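3D model of this:
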Amino acid sequence: MMKRLIVCFVAVMTMLWSCTSKREKMENRMRDFIASYEAAVIPLYKESALSSWDANVNGTDEAWARNEKASLAYISYFTDKEAFAELKELKESGKVKDPVLARQLEVIYNQFLSGQVDTSLLAEQVRMETEITKKFNSFRADVNGKMLSDNEVEDILRNSTNSGELQAAWEGHKKIGPVVADDVIKLVRHRNRIAQELGFGNYHQMSLKLSGQDPEEVTRIFDELDSLTEGTFATLKGEIDNYYSKRYGIPAADLMPWHYQNRYFQEAPEIYSVDFDSYYMDKDPVKLATTYYASIGLPVDEIIARSDLYEKPGKNQHAFSTDIDREGDVRTLDNIRPDSYWMNTIMHELGHGVYSYYNDRSLPFAIRDAAHTFTTEAVANFFGRYATDPAWMHFMGVIDEKEAERINEEAFNAFRLQQLVFSRWAQVMYRFEKAMYENPDQDLNQLWWDMVEKYQMMKKPAGRDMPDWATKIHVALYPCYYHNYLLGELLASQFSAFITNSVVRGNTGEDMKAMGEFFKTKVFMPGMRYEWNEMIEKATGEKLTARHYAAQVIGEE
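Residues are numbered from 1 along each chain as shown. Next up, the predicted model:
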């Protein structure tokens, strides 16, 4: 009996040793792979980021050529068949158990999977994207013989009450559509070809899955939000139309897209009696933002020092934040003016910036990044909202306490309207892109306006048959991304609820530092160590939910 027990014990120990040995072997192979991966990919990543920055700031042909070359070199690295075969074997072995190694394996595997197509296809994609980018960056709207920037078009749409002038500005901006539409359709087909060669139905499906999202789950969330917001938005849309009917002196039935104070009706029209722009006319948005981030223990001086903040010819007219090396070289590109839009924008972009800057630099390079694209959007949205928050404006000395109290209700109404307007706009973008990649040969001009009329409840101009969908830069150059903005709003509300209930009790310096510390330790420093919903649960005590957004915006639990 004893002999039999000894034999069994030895057999079990041998099996355990064998399993441990196989695990150690596979994990050591993974460590070796990561070492070679980092040696190759870090300089490629940095050159791609730097060249992109230079091209967007300066806009020269030489800068764009350098960026195209660098982007292709970075993308091409992930086409290595032998490297992917090694990753595939490691993944399928199931022996890489160490949590940090396993997470890196998952992230790097998905990076390589997207590159397992003919390199000529990837090179062509980069070339096509570069050409479209150059067209967007150099375009200026021809409005009655004047060449206007996007900011100047927005100024007209926001401030003019002359329907003819508004229509001319709106239509002038839309002239970019025919310039890029054919190129964008070709690019969509090209992206689909790449996705299908990798075994996905289309590029939209591939993009979501490789980013760690389930397309069906995202659509379910959008369906839920559509249901939650449709009735409230319809009521508010009626109020908007009544306001504009009086503003322009025309029947509500005659209101057209150019009457809604911005190019896409993606921002709330200014129907409430709070002129936020007036509060910032003599203020410096950069100074305010810099002061605020310092007050919460997240100084941004080094980010600002590297950034390009103001308008100039040839420069990208939009705004973004970029992490050059995941080692602290973080920058933001803006075109700042002293108004509420750019106050929101610089707070938003620096939200992205602090997420990157205050990462845990001891994390391996592959997972030293935001848990997901939309989690960094959530942080950016959280801080961007402050630009029109009377309590924050008072805290920062923009307005006094009496003025903050006077505008508080109207400011909340404006915030609520902004969230609902944006939510409906995001429905258009998500569903249009999804349908476009499912069938790029359909009538996209009509599809766009079908979506706009259904979700934004805005009329198409009679007889209009133009590629207005192609005027939105995200459709061409930031594909399958827009849904992350709305998911970011959900998470921003979730962060807000948790911080209010569990982190701060007031506006003291200690409270402000506690909020900054929460973001730094619970959101920024974990990076991609955890799958995004696990990070959210660890930070806020629950997975992503629409509940807090509904409570904050619609008043429904």
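
burial count for Glu62?
Around Glu62 there are 10 other residues, counting by other Cβ atoms under 10 Å. Every residue, glycine included, has its C-beta placed from N, CA and C.

quick one: pLDDT of it?
The per-residue pLDDT reported for Glu62 equals 95.

identify the residues contacting the strand or helix carrying it?
Using DSSP states H and E, Glu62 sits within helix 61-77. Helix 61-77 is contacted from outside by 40-41, 44-45, 47-48, 50-52, 54-55, 115, 119, 122-123, 126-127, 130, 133-134, using Cβ atoms under 8 Å, 6 or more residues apart in numbering.

ok, 10 Å please
37, 40-41, 43-58, 60, 83, 111-112, 114-115, 119, 122-127, 129-131, 133-134, 137, 314 (Cβ atoms under 10 Å, 6 or more residues apart in numbering).

if you skip the residues just before and after it, what's nearest to Arg326?
Arg368 (4.7 Å; Cβ to Cβ, 6 or more residues apart in numbering).

mind listing what the one you found touches?
Asp323, Arg326, Glu327, Ser356, Asn359, Asp360, Arg361, Ser362, Met525, Gly527, Met528, Arg529.

could you redo the last one with a cut-off of 8 Å?
Arg368 neighbours (Cβ under 8 Å, 6+ apart): Arg326, Asn359, Asp360, Arg361, Gly527, Met528.

just the buried ones from the residues you listed?
The neighbour-count test (16 or more other Cβ atoms under 10 Å) marks Arg326, Asn359, Gly527, Met528 as buried among the contacts of Arg368.

okay if I get those as JSON lines plus secondary structure and distance to Met396?
Converted to JSON lines, the buried ones among the contacts of Arg368 look like this (DSSP: H, G, I helix; E, B strand; the rest coil; distance: Cβ to Cβ, whole Å):
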{"residue": "Arg326", "secondary structure": "coil", "distance to Met396": "31"}
{"residue": "Asn359", "secondary structure": "coil", "distance to Met396": "27"}
{"residue": "Gly527", "secondary structure": "coil", "distance to Met396": "30"}
{"residue": "Met528", "secondary structure": "coil", "distance to Met396": "33"}
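
how many neighbours does the nearest residue to Glu453 once chain neighbours are set aside have?
The shortest distance from Glu453 to any non-neighbouring residue, by Cβ to Cβ, 6+ apart, is to Lys460 (6.3 Å). Here the number of neighbours of Lys460 (other Cβ under 10 Å) works out to 17.

wait, Lys460 touches Asn445, no?
No. Using Cβ atoms under 8 Å as the test, Lys460 is too far from Asn445 to be in contact (9.6 Å).

rewinding a little: so the residue nearest to Glu453: helix, strand or coil?
State at Lys460, reduced to three classes by DSSP: H, G, I helix; E, B strand; the rest coil: coil.

where do the domain boundaries of the protein fall?
By the record's domain assignment, the chain is partitioned as 23-116, 277-399+502-533 (automatic domain parsing).

so which of these is nearest Asn413?
With Cβ to Cβ, the closest approach to Asn413 among these belongs to domain 277-399+502-533: 11.0 Å.

quick one: mean pLDDT for that closest one?
Computed over domain 277-399+502-533, the mean pLDDT rounds to 96.

over to stretch 140-157?
94.

how far does it stretch from start to finish?
Using Cα to Cα, to the nearest Å, one end of stretch 140-157 lies 15 Å from the other.

for Asn413, give me its contacts.
Tyr272.

again, only using 10 Å
Per Cβ under 10 Å, 6+ apart, neighbours of Asn413: Leu236, Glu239, Ala268, Ile271, Tyr272, Ser273, Val274.

just the ones in helices from the residues you listed, please.
Leu236, Glu239 (DSSP state H).

between the contacts of Asn413, which is nearest Thr471?
Of these, the one sitting nearest to Thr471 (Cβ to Cβ) turns out to be Ala268, at 20.4 Å.

re the thing from before, what sits in contact with each of Lys460 and Asn445?
Asp468.

give me the pLDDT for the residue nearest to Glu453.
97.

count of residues packed around the closest residue to Thr291 other than its chain neighbours?
Nearest residue to Thr291, sequence neighbours excluded (Cβ to Cβ, 6+ apart): Met396, at 7.1 Å. When counting by other Cβ under 10 Å, one arrives at 19 neighbours for Met396.

for the one 10 residues further on, same thing?
The number of residues packed near Arg406 is 15, by other Cβ under 10 Å.

look up how far Ile271 lies from it.
As judged by Cβ to Cβ, to the nearest Å, Arg406 and Ile271 stand 18 Å apart.

okay, strands next: where are they in the stretch 301-450 of the chain?
320-323, 330-333 (DSSP state E, counting those that start in this stretch).

which of those is buried the deepest?
strand 330-333 (a mean of 24; mean count of other Cβ atoms under 10 Å).

among the domains of the chain, which is nearest Gly177?
domain 277-399+502-533 (16.3 Å).

nothing else from me, thank you.
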